[in-house]
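In: with the sequence up front, the predicted model follows.
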Number of protein chains: 2
Amino acid sequence: MAARKSPARPIEPALSPVDGLAQLSFTVLGMLERRAAKHDLSLSQTRLLGVLRDRRPTMQELARLLGLDKSSVTGLVDRAERRGLVTRVASTADRRAVEVHLTDAGRSLATAGATDFAADVTALLELLAPADRRALSELINRLLLAHAAEHGVDLFATMAV
Amino acid sequence: MAARKSPARPIEPALSPVDGLAQLSFTVLGMLERRAAKHDLSLSQTRLLGVLRDRRPTMQELARLLGLDKSSVTGLVDRAERRGLVTRVASTADRRAVEVHLTDAGRSLATAGATDFAADVTALLELLAPADRRALSELINRLLLAHAAEHGVDLFATMAV
DNA sequence: TATTGTTATACTCTATAACTATA
DNA sequence: TATAGTTATAGAGTATAACAATA
């Protein structure tokens, strides 16, 4: 029961800005997790597939992209490989290194997962009026750009899922 | 370096609404996780302490609040108890049940964690101009209220951390 | 010597199933 | 019988340290 035509100040009780942002984040990540679970994927496996959609990194690059230790990536890739979602391919340039490639099955799953998740988030955003929705996206973009700039990060480099 | 006085259409490259919301969620949860790690707390332990700040639930209620199986909660509480953050107190009403209480140490840690996290999120929000910040919070509140209403959930019941 | 990746090991987190003790 | 909680067990995910192969 949202307030219909309340003016500037909302009648509803309001979450603090901090709590609101935290709650929103939990909600969105929860959606991602539930969708992934439908495909028998953990959040970690989902991130792995997401990262591999447009890259063929070595184990070490993968570790950096995911922010994990290389030994953790060994296990992550082991389990994905056992399921036929990725393959290890010997690097031609460096005989110590291996590249991790998405298989067709892995790519299908990554695409399906991304589509499902996008549907969830779109449905969430459609709870807002179109003008509000556009405003929210614009503000989020502004915030993320400022944050990325402050940390010297390329906002578009690590996007996955 | 956000665009200073760009009109309606931003000059910067923009993330799609879905990607923006996903990225923002990862950013915020990442902050929470890093702050928790500074106190040697996992996200699960942080949620546990957060939930206990204003409740003394039984194990079963805790399982429901955290969305976990009761056996998972046994382990979670075991580890927290071993660290002196919570205690198990026999229920007077039902001799099968135990209540989980925060210790003073646990409460301190929960408070410190919440304060740190709030500082991080506040710093993030302060990357926006004050008017933008207020607008963003207002839109997030609207979105969460609509979402809570749709799912028949009390938005304020499960807030933790 | 330094780097790439794996292995050995340990711990947290989670779930299912079986169990104990109440109710 | 049903419920509250624990235990036994299994597996994912993570990290540190030690190792083999290659650079």
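Out: Everything's here; your move.
In: going forward, measure contacts and count neighbours with C-alpha atoms only.
Out: Noted.
In: contact partners for the residue of chain A found nearest chain B?
Out: Distance from chain B to each residue of chain A (CA to the nearest CA) is smallest for A:Ser25, at 4.2 Å. Contacts of A:Ser25 were listed using CA atoms under 8 Å, 6 or more residues apart in numbering or on different chains, and they are B:24-26, B:28-29.
In: now A:Val98: phi and psi?
Out: Main-chain dihedrals, A:Val98, degrees, to the nearest 10: phi -130, psi 150.
In: surely it and A:Ala90 touch.
Out: Yes: using CA atoms under 8 Å, A:Val98 makes contact with A:Ala90 at a distance of 4.5 Å.
In: of those two, who's got more company?
Out: A:Val98 (19 against 14; other CA atoms under 10 Å in any protein chain shown).
In: the residue of chain A closest to chain B belongs to a strand?
Out: No: in this structure, A:Ser25 is helix, not part of a strand, as judged by DSSP: H, G, I helix; E, B strand; the rest coil.
In: ok, it to B:Val121 distance?
Out: Noted for A:Ser25: a distance of 12 Å to B:Val121, by CA to CA, to the nearest Å.
In: shared neighbours of those two, anything?
Out: Common contact partners of A:Ser25 and B:Val121 (CA under 8 Å, 6+ apart): B:Val28.
In: what about the host helix or strand of A:Val51, near DNA strand C?
Out: Assigned by DSSP states H and E, A:Val51 belongs to helix A:43-52. No: using CA under 7 Å from any atom of the strand, helix A:43-52 stays clear of DNA strand C, coming no nearer than 11.7 Å.
In: by how many degrees do the next helix or strand after that helix and helix A:43-52 diverge?
Out: Next in sequence after helix A:43-52, counting helices and strands by DSSP H and E, comes helix A:59-66. Helix A:59-66 and helix A:43-52 are oriented at 110 degrees to each other (axes from the mean of the first three to the mean of the last three CA atoms, to 10 degrees).
In: show me the contact partners of helix A:59-66.
Out: Counting by CA under 8 Å, 6+ apart, A:47-48, A:51, A:69-70, A:72-74, A:97-100, A:158 sit against helix A:59-66.
In: and the next helix or strand after it, what's buried?
Out: Heading C-terminal from helix A:59-66, the first helix or strand you meet, by DSSP H and E, is helix A:70-82. Under the neighbour-count criterion of 16 or more other CA atoms under 10 Å in any protein chain shown, helix A:70-82 has A:70, A:73, A:77, A:80-81 buried.
In: contacting residues for A:Thr74?
Out: Applying CA under 8 Å, 6+ apart to A:Thr74 gives the contacts A:Met59.
In: 6 Å instead?
Out: With contact set as CA atoms under 6 Å, 6 or more residues apart in numbering or on different chains, A:Thr74 has no partners.
In: from DNA strand C, how far off is it?
Out: Look at A:Thr74 and DNA strand C: by CA to the nearest atom of the strand, to the nearest Å, they are 4 Å apart.
In: swap in A:Leu109?
Out: 22 Å.
In: the helix or strand encompassing that residue vs DNA strand D: in contact?
Out: Using DSSP H and E, A:Leu109 sits in helix A:104-125. No: contact of helix A:104-125 with DNA strand D (CA under 7 Å from any atom of the strand) is absent, the minimum separation being 14.1 Å.
In: what element comes up after that helix heading to the C-terminus?
Out: Next element after helix A:104-125 (DSSP H and E): helix A:130-150.
In: roughly how far out does that next one sit from the chain middle?
Out: Put simply, helix A:130-150 sits 17 Å off its chain's centre (CA atoms, centre = their mean, to the nearest Å).
In: now do A:Thr122, the pLDDT please.
Out: Looking at A:Thr122, its pLDDT is 96.
In: now the closest residue to it other than its chain neighbours: how far from DNA strand D?
Out: In space, not counting the residues next to it along the chain, A:Thr122 is nearest to B:Val18; the distance is 6.7 Å by CA to CA, 6 or more residues apart in numbering or on different chains. Relative to DNA strand D, B:Val18 is positioned 22 Å away (CA to the nearest atom of the strand).
In: tally of neighbours for B:Val18?
Out: The number of residues near B:Val18, taken as other CA under 10 Å, comes to 20.
In: check which helix or strand it maps to.
Out: Using DSSP H and E, B:Val18 maps to helix B:17-38.
In: that helix: which residues count as buried?
Out: Those would be B:17-29, B:31-36, for helix B:17-38 by 16+ other CA under 10 Å.
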